[in-house]
Structures are given as C-alpha cells and as structure tokens.
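# What follows is a predicted structure for the sequence shown.
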Amino acid sequence: LTALLGACGQPMNADEDVASTAGTGADMISGVLEIAVVDLEDSAYHMVGLRTSDGTLIPLRVRDDQIENFRTGDPVSVLGVRSGNEIDITSGGSLLASQADIASSRSALVQNGPRNTAVVLFNFRNDTTQPLSKAQAQTALFSATDSLAAYYKEISNSAISLVGINDKVNGDAYGYYTIDADNTNCQDPFGWTDKVDALAKAQGTDLSKYTNVIYVSPDAASCSWAGIAYVPGRKA
C-alpha cells in the first residue's frame, strides 16, 4: 500500500562521521538506493539494498533513522563494512548523497488521478499451485466494497483511483506465469518479479505500461512476510 502513495520526507546530505570507519575495512560503493516495506501479520520493517551500475543488488544493514529522509531511486554512496554478502552501516557507516543528484532524480511524492494498475499471478517451477483465480484477484483489488481500489478512493477523498487499462470494469489481471525459479530462497523477491515481467512480455503482455503492478504468488515458507513493496515504487 505504501508504495502506491509514496514516502514523505525531504532529501538530505548525510552528516555522520565517515572517519569513524577508517581502518575497519570499510567499503565505499555507489549506486541507487532501493527501500522496501516488508509487512508481517502484525508489524513491518524495512528491507534496504544498493543497486550498482552492473545490476547487482547489495543488501544494506541500516537503522531506520539512517534512511528516514531517503527514498527508493535516490543515487547514493554507501560507506560501511562488509558482513557476508551485505554492507553494515549501523555503527559508524554512512549514506552519502548529493542534494542536486537527489533533486534531479525525484518527481512529485503523490500524484492524484487514476493509477493504471495490474494484478499479476505467478508461481514457481517447484510449486505450480494456483491458490487464487484471476477473478478473485480482480475482486480483491478492484471491485469489492472493501477492495484496494475502494481503500484508496476513501483515504484520498476520491483523488486517487486504481484502474485497469484493458478491462475498465473489472480491472486488469494476468497469469498464471510459471517462472524459472524456486521459492526455497526468498532473498530477492523483486528478482522474481523481473522474471515475471520478462515472461509476460514474451507472451505479449507489457507490464511496463502500468503505473503500479501487484504480484501474487503461492505462499512460500522461505518468505516470512505477508507482503512487500518499494517505497515509493511501482511494484508490490
């Protein structure tokens, strides 16, 4: 839900003492920040990563106060200590960002009007179950009295609407797409959605034309969360 409305906050230059990491084997790496909100049944937390120029996603271990003024898509440099496959900046590390670079990469926080939205159903090569039909997904997202579309209409005083491009009445739903991946590892769920996008496009559906895309898969034991979405962003 948060990904649709976007995040509040203003860009800032990191002001932490970068010298505190000197001599500790700290790495300085530049890239684009990716922040996702991970929803559990009764709580939530942030999943943060740095997408480098070669497409690699490096997990970041951060404190919430270190990212409260940053958004997905911000160009940053990360100074921190490698710990396994991630970079830890919780103690003495920093996120460094240019005000000019951030300002040039950002658009309006919230844009009123219709959001072209699709729900996409997918499963895995090791789990091809289909727990939800397209009709059920359309009802939950677009047409029920307690649908996601109804929720945004209410909280925005009708300023934001979720609509389909092809089906203006019931909303757009696609799938199932069976991706070439197992759900035994949940380290890169948005990597799954990239595979879905490519498979859908190969079969004639271009998901890039949608403002927001919500992906639904069979429940995976490797994923401890109930949902995940970029903040802000177009994928959930």
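Perfect, I can see it now. Residues are numbered from 1 along each chain as shown.
# tell me which strands and helices the one helix or strand T178 maps to is in contact with?
If you go by DSSP states H and E, T178 is part of strand 172-179. In terms of contacts (3 or more C-beta pairs under 8 Å, 6 or more residues apart in numbering; DSSP states H and E), strand 172-179 is packed against strand 113-124, helix 134-138, helix 189-202. From N, CA and C alone the C-beta is placed, and that goes for glycine too.
# Please pull up the helix or strand immediately following the second one.
Where DSSP H and E defines the elements, the next helix or strand beyond helix 134-138 is helix 148-155.
# can you check the last one too?
As assigned by DSSP H and E, the chain's next helix or strand after helix 189-202 is strand 212-216.
# quick one: least confident helix or strand in the chain?
helix 2-5 (a mean of 39; mean pLDDT, DSSP states H and E).
# relative to helix 189-202, how tilted is the next helix or strand after that helix?
Counting by DSSP H and E, the next helix or strand C-terminal to helix 2-5 is strand 26-39. Angle, strand 26-39 to helix 189-202, by axes from the mean of the first three to the mean of the last three C-alpha atoms, to 10 degrees: 70 degrees.
# May I have the strands that pair with strand 26-39, each with its orientation?
Sheet pairing for strand 26-39, assigned by DSSP bridges, gives strand 44-51 (antiparallel), strand 75-83 (antiparallel), strand 227-230 (antiparallel).
# How far does the next helix or strand after the longest one sit from its chain's centre?
To tie it back to what came earlier, the one meant is strand 75-83. Per DSSP H and E, the first helix or strand lying C-terminal to strand 75-83 is strand 86-88. How far strand 86-88 lies from its chain's middle: 19 Å, per C-alpha atoms, centre = their mean, to the nearest Å.
# so who does N85 touch?
I58, P59 (C-beta atoms under 8 Å, 6 or more residues apart in numbering).
# Kindly report the same for V78.
For V78, the contacting residues are 27-31, 50, 58, 60, 87, 89, 93-96, by C-beta under 8 Å, 6+ apart.
# All set, thanks.
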